[in-house]
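Here is a sequence together with a model predicted from it:
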Amino acid sequence: MNSASPDPMPNPDTPTAQSADAMFDAVYARLKAMAGHQLARRERGTLDTTALVHELYVRISAQRELEFEHPAQFFAYAARAMRHLLSDHARDRLRQRAGGDWQRITLTGGDERLAIDSAEQALALNTALQQLEHSDERAARVVELRYFAGLDLEQIAGMLAVTRRTVDRDWRFARAFLHDQLG
Amino acid sequence: MRNDSSTKVSDTSVRLRSAFDALIELPAPQHQAWLDANVPDREEQVAVLRLLAADDRGGFLDTPAVQHAARLTAEEIRSDGLIGQQIGSFRVLRALGQGGMAAVFLGERVGADFNQQVAIKLLRRGLYSELEQRLFLRERQVLAGLNHPNIARLIDGGVTEAGIPYLVLEFVDGVPITRYVQDHALDLRGRLEIFLTVCRAVSAAHRSLIVHRDIKPSNIMVSNDGVVKLLDFGIAKLIEEEGAADATHTIGVFTPDYAAPEQIAGQAITTATDVYGLGVLLHELLLGIRPTGAPTRRPSSLIPTRTATVIRGEDTGIVYPMAPARLRSLLRGDLDNVLMKALATEPAQRYATANAFGDDIERYLRRQPVVAHPPSRLYRARKFVQRHRGGVVITALFLLGIIASLGLALWQATVAREQTRVARSEAQRANATRDFMVDLFQSASADLPRDQRPTPQQLVEQAAKSAREDSDLDAPVRAQLLATLGGVALANGEYAQAETMLDDAIERERALGIAQTSPEWIDLLVQKGNLLHRTNRNSEADRLMEDLKPVMLQQDSESAMSGLMLLGATRAYSGHADEAVAIAQQVARKADRVFGTDSINGVETQTYLGQLCVQVRRYRESISLLEPAIARWRKLKLPEDEQFARTLLHLANAKEHVGERAAVEPIYREAIALMRRVFDRPHDRLATALGGLALFLTQEERFEEAQAALDEALAIDRKVVGTEDARTAMLLDAQAALDLARHDDAAAERAAREAVRVLAAHAQEAGYTPELAQARRHFAEISINLNHLDTATEQLAQAGTEPNQAFGENSVEAADKLRVDARLALKRGDAEAALAAAERGLAMIASLDPPAPRVRIALLRQRAEALAALGRRDEALADAARALNLLHDSNPNAHAQQAALLATRARIERAQGNNTAAAATVAQARALAVPASVLSAQDAATLQPAGP
């Protein structure tokens, strides 16, 4: 939906066969289908970000649909894609609510309030993260990799080639910054 | 301003960050003191304290992202609010169940005399875009056409005002098939017979090209009176997450335990996917459990041996049709083979159709030998190769599989087409055939390492070979296959390959006595026409389409319309502009009527008409057609494919001609970027696009960028179409124009000479006369620069009158030729003749719309030079001033042209003896800082700084 215009992303140093946009679109489409499928089956117990992203990685590398220079590049795309996915879900949800009275009566479950809150907050998070990108690019990257791709801070340090301490501080600052923005 | 404030913002955030980093190391009581000492600004102090407060409390990020996502999608459709309400013409009675993607209710028809009970399925996700809704409705229509006694009918369906899609299905009061066989303790024969009924029903759906995708016991109900009904046919496709648009990305809706390997891998879905589902079902019907373990393990080996039988059998609740030991011995052999064939991992290894599966069951029941046999040596070899990926052999083996399934799929599709020939959805079915093939091609490359994938050309070649030689195919199918494969090759830009196949198909169809009015025949000839048109044989294409015109006018099919559009193009290339536009307009109206303005075909036809208008230089008209068509294309979210890219190119070209220069470059860039994505290798259309951009950049005097685009374009065309092709020659003409603009006369001459040579060989047949005339004008002008006046005369004589035929007496081309005539006359010292030619050119261009300022400016300059030579210097200066004004208004970036015009003015001023004015003019020109290397020697000399 709005994946056509992704924000500037961590580009690989060397150009590959596919354009960054096309790679992102492909990762996003794959992830969306997988997440949609798993959520639909209500396997909440077995679904977590890390598993989803790793499964995506296995599938994509096994089928060689996309060629990534190195795993770091893949995770950067996947994290970005997860972030878009959540925003898209949130937009869908809010649009559904705006769909009309009939729908509100019939499509609401017990957790309607929670769902709407989640949706609004997810969008607010996206906006706040954009702000963070302007002022502290690396901290924003850390949030994406940790929160959306489910990597641990140690892995992130390796991926961004900085010390563990730096990543710890980035995460702590970013978390405070974002929570402050979300109110 | 903006820069300042953003710098400030980022300074602030750097300070916030370092304050935060410092403070989290300190105990809370020391915070205020640290802040007072280090952060003078009160507001910033507050901001830091807020960050610290946020650091201490929990929030959104402490809940995993996926949990949030789950909340967003985890709404249940609450039944109580819905009971008693009306959906469509049905009232909701009670809830039947909730699934992952939909909630199902029992309903009844409102106001009917009879009691019709239905199942109403409400889909969870909305269809937000117009396109999604249209696809849903179209798919629903196809399903509604599925009438079979063993398939639950789709009665109604639609989208509520709130945007929730719903389906109304025949309600089946019964139990799942697996329960039924147990409850009625059916024996082996009974179970096989009921399974056979299921096979026949699935096969009926396949003949309508509908794949179930989710065959499982709960979707196969048996009513109390023993009638089998299949539910939810094709529904999986309708409610898939990614929308029904894309049948190849199918990690959508299926039930994992019953899903075929290709579904799990997200590969192409074919009828073989349902065969797999049927295999799982048969396994469960016979053994009471779903298949487990390696797919090569014999199913009968899953039945426990005698000692364990009773206990394990009872524990798992499995009721075998007979004593396990006896079942084991009955399954071993034929039924084992049947199951293994149906459950093969590779689609091509399975029964090709549900019918073939059913036939084998029937053979077994009649005690005839079954077709399924133990894995062959080839099969085992393939398994081996799969386990040891790498090596060249895989491509060959893989191809075999592809081609086998290709033949079968097409055969099947053709059968379906025969049976539905009269159906209104003929065009859709034809598409399905093509899609089927495209799917197969796509799946061919999905899981091979990149460097080992067969090229499309190889695949097509192999497929054609098998179409000609495979003894299982009958003659009409062979012809049809070759026609389709020819179309694929054409789309791939493999023109020679396409031609061989299309000609072969034409010959075969002729020998078979195909009806001259049949859509297949028209389609085939239109493909051939397209091929001819694209390979520089426009007049041949034109004759072919003219002959076909009466038949095409009688028909509403897609191929007839695309053939008429082609005729429009071939007429235009043959110089019959009005007729071309008239035909295209007729088709566009027809397409609107037949397909609808907002249909893919409707919008596409509109873009063809717009493109044609560019071709015949009706630029304003083309813009008024192309802009709304592009907007609709985007709004409907139609795939942004090569056709879309070409539409953008034509729009860019039209905008250039009407003088909307600022809009041009972004459109070119978008079109080129899109083409790079669409074509996975060099393609002549990308070269054409780059050539267009290069011409535009030349006029903007961004010479280096223009050269880069041309270099790429020429490299592509030399490789793809060769040096003797008109397309390559047109790029060389663009090169000549570029070199001419920056006064590299030697390079310009080489390019122009070659362009003229190649275009002359093609012009008549391919319809490139105007392009040839333009190349000759460039060549003539370069020759004048180089003082080769005889060559110039010769070229101008030949550039003669051709464009007039195509574009009338008064055309930009004719005016431009008069300008070059004037230059030549002046160079020969005949100022009177030069003046006369320039006057005629200016008179001609005065009446033109759009106004072509570039040619007008050049003509004014030419007249100024002629007038100056005749001593009429005041008139000359007036012309120079007009030219400068016009240039300033139409192309302010063209500094080199401006400098050249100023040089002309300075020379006239000097001749007048007005050295002060001349010096001022020279200073004005020098202020433009145009490098002398891109000016003519004469102009460069004029603009030398004034001597001491």
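Yep, that arrived.

Surely B:Asn787 is within a helix?
No: under DSSP: H, G, I helix; E, B strand; the rest coil, B:Asn787 sits outside any helix and is assigned coil.

And for B:Gln912, nearest residue in space, chain neighbours not counted?
Of all residues beyond its chain neighbours, the one nearest B:Gln912 is B:Arg873 (5.2 Å), with distances taken as CB to CB, 6 or more residues apart in numbering or on different chains. Every C-beta, even on glycine, is put in place using the N, C-alpha and C of the backbone.

hang on, I meant B:Arg661
Nearest non-adjacent residue to B:Arg661 (CB to CB, 6+ apart): B:Asn891, at 6.5 Å.

wait, what's in contact with the one you found?
Counting by CB atoms under 8 Å, 6 or more residues apart in numbering or on different chains, B:Asn891 touches B:Arg661, B:Gln699, B:Glu700, B:Pro853, B:Arg854, B:Gln897.

mind listing what's buried in stretch B:495-508?
By neighbour count on 16 or more other CB atoms under 10 Å in any protein chain shown, the buried set for stretch B:495-508 is B:Tyr495, B:Gln497, B:Ala498, B:Glu499, B:Thr500, B:Met501, B:Leu502, B:Asp504, B:Ala505, B:Ile506, B:Arg508.

An error on my part: the question was meant for stretch B:824-831.
When neighbours are counted by 16+ other CB under 10 Å, the buried residues of stretch B:824-831 are found to be B:Leu824, B:Ala825, B:Leu826, B:Asp830, B:Ala831.

swap in stretch B:724-743?
B:725-743.

same deal with stretch B:177-188?
By neighbour count with 16+ other CB under 10 Å, stretch B:177-188 contains the buried residues B:Ile177, B:Thr178, B:Tyr180, B:Val181, B:Gln182, B:Leu186, B:Leu188.

Could you work out the end-to-end span of it for me?
14 Å (CA to CA, to the nearest Å).

tell me the mean pLDDT for that stretch?
The pLDDT scores in stretch B:177-188 average 88.

Show me what it is in contact with.
Residues outside stretch B:177-188 that contact it (CB under 8 Å, 6+ apart): B:174-175, B:190-191, B:194, B:198, B:217, B:220-222, B:228, B:281, B:284-286, B:319, B:321-322, B:327, B:330.

make it 7 Å
Residues from elsewhere that reach stretch B:177-188 (CB atoms under 7 Å, 6 or more residues apart in numbering or on different chains): B:175, B:191, B:194, B:217, B:220, B:222, B:228, B:284-285, B:319, B:321-322, B:330.

If you rank these by neighbours, which is first?
With neighbours set by other CB atoms under 10 Å in any protein chain shown, the maximum within these is found at B:Ile220, which has 30 neighbours.

and the nearest residue to that one once chain neighbours are set aside, how far is that from B:Ala843?
Counting by CB to CB, 6+ apart, B:Ile220 lies nearest to B:Ile177, which is 4.3 Å off, once chain neighbours are set aside. According to CB to CB, to the nearest Å, B:Ile177 and B:Ala843 sit 87 Å apart.

Next step: the buried residues of stretch B:724-743 restricted to helices.
B:726-741 (DSSP state H).

Could you count how many residues lie near B:Gly513?
Number of residues near B:Gly513 (other CB under 10 Å) recorded here: 7.

oh sorry, the question was meant for B:Val110
12.

which residues in chain B form strands?
Secondary structure of chain B (DSSP state E): strands at B:86-87, B:90-98, B:102-109, B:117-123, B:154-159, B:165-170, B:174-176, B:220-223, B:228-230.

Could you list the residues of the stretch 551-700 of chain B in contact with chain A?
Residues of the stretch 551-700 of chain B lying close to chain A by CB under 7 Å from any CB of the partner chain are B:Arg677.

Smallest gap between the stretch 551-700 of chain B and chain A, at which residue?
Closest residue of the stretch 551-700 of chain B to chain A, CB to the nearest CB: B:Arg677 (6.0 Å).

lowest-pLDDT helix or strand in chain A?
helix A:101-106 (a mean of 33; mean pLDDT, DSSP states H and E).

helices or strands next to whichever helix or strand comes after it in the packing?
Counting by DSSP states H and E, the next helix or strand C-terminal to helix A:101-106 is helix A:112-135. Judged by 3 or more CB pairs under 7 Å, 6 or more residues apart in numbering or on different chains; DSSP states H and E, the packing partners of helix A:112-135 are helix A:71-97, helix A:137-143, helix A:164-182, helix B:65-73.

Report the next helix or strand after the shortest one in sequence order.
Heading C-terminal from helix A:137-143, the first helix or strand you meet, by DSSP H and E, is helix A:153-160.

That following helix vs helix A:71-97, what angle?
110 degrees (axes from the mean of the first three to the mean of the last three CA atoms, to 10 degrees).

wait, does helix A:153-160 contact chain B?
No: Helix A:153-160 does not reach chain B (CB under 7 Å from any CB); its nearest approach is 13.6 Å.

May I have that helix as PDB, with CA atoms only?
The C-alpha coordinates for helix A:153-160 follow below in PDB (Å, rounded to 0.1, in the frame of the first residue of the first chain):
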ATOM      1  CA  LEU A 153      21.600  -5.800  21.200                       C
ATOM      2  CA  GLU A 154      24.700  -7.900  20.900                       C
ATOM      3  CA  GLN A 155      23.800  -8.800  17.300                       C
ATOM      4  CA  ILE A 156      22.900  -5.200  16.500                       C
ATOM      5  CA  ALA A 157      26.300  -4.100  17.800                       C
ATOM      6  CA  GLY A 158      28.000  -6.500  15.400                       C
ATOM      7  CA  MET A 159      25.800  -5.500  12.600                       C
ATOM      8  CA  LEU A 160      26.300  -1.800  13.000                       C
END
